[in-house]
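Visitor: take this sequence and fold it.
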Amino acid sequence: MAKRVLIVDDSASMRQLLSFTLEKAGFQVAQGVNGKDGLTKLDKAQPNLIISDLNMPEMDGIEFIRQLRTLPPFRLTPVLMLTTESDSSKKAQGKAAGATGWIIKPFQPEQLLQVIARVLA
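Guide: Presented below is the predicted three-dimensional model:
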């Protein structure tokens, strides 16, 4: 059975790029347009992995992770932050909230798939 990934990003083009890359690699993909929307998609998507942007309207990626970690079925679900932010204080906030890893945009699809393989191993 294919692994399921939830992409949470306010950029339609980024969601499209990620979906294309992941579906080509055999993943099932669901999408949320911000953290608030991502939370509403969790039960239906049942993701094995979540990829979230940091800076989004309504609810940013760090608050999304904080709220995700309060939900028992998703406390241990790996979350990769995919963002243009490379600031160490933002990374520390993400880690404190429960992020599993941090990938800086722009990224190479092969690099992303390698990180996903390690996280899901």
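
Visitor: what's the helix or strand for residue 40?
Guide: In this assignment (DSSP states H and E), residue 40 forms part of helix 35-45.

Visitor: and that helix, what does it pack onto?
Guide: For helix 35-45, the packing partners by 3 or more C-beta pairs under 8 Å, 6 or more residues apart in numbering; DSSP states H and E come out as strand 4-8, strand 28-32, strand 49-52, helix 61-68. From N, CA and C alone the C-beta is placed, and that goes for glycine too.

Visitor: can you list contacts of it?
Guide: Contacting residues not belonging to helix 35-45 are listed as 4, 6, 8, 30-32, 50, 52, 56, 58-61, 63-64, 67-68, 71, 73-74 [C-beta atoms under 8 Å, 6 or more residues apart in numbering].

Visitor: do the same with stretch 73-87
Guide: Taking C-beta under 8 Å, 6+ apart as the rule, stretch 73-87 contacts 9, 14, 18, 42, 47-55, 61, 65, 68-69, 90-91, 94, 98-105, 107, 112, 115-116, 119-120.

Visitor: try stretch 47-58
Guide: 3-11, 14, 18, 30, 33-38, 60-62, 64-65, 68, 74, 77-85, 90, 94, 116, 119-120.

Visitor: go on, stretch 91-109?
Guide: By C-beta under 8 Å, 6+ apart, stretch 91-109 touches 14, 21, 54, 61-63, 65-66, 68-69, 78-86, 111-112, 115, 119.

Visitor: so residue 2 touches residue 25, yeah?
Guide: No. Residue 2 is beyond contact range of residue 25, at 9.6 Å (criterion: C-beta atoms under 8 Å).

Visitor: thinking again about what came up before, which among the contacts of helix 35-45 end up buried?
Guide: Neighbour counting with 16 or more other C-beta atoms under 10 Å marks 4, 6, 8, 30-32, 50, 52, 56, 59-61, 63-64, 67-68, 74 as buried within the contacts of helix 35-45.

Visitor: many thanks, we can stop here.
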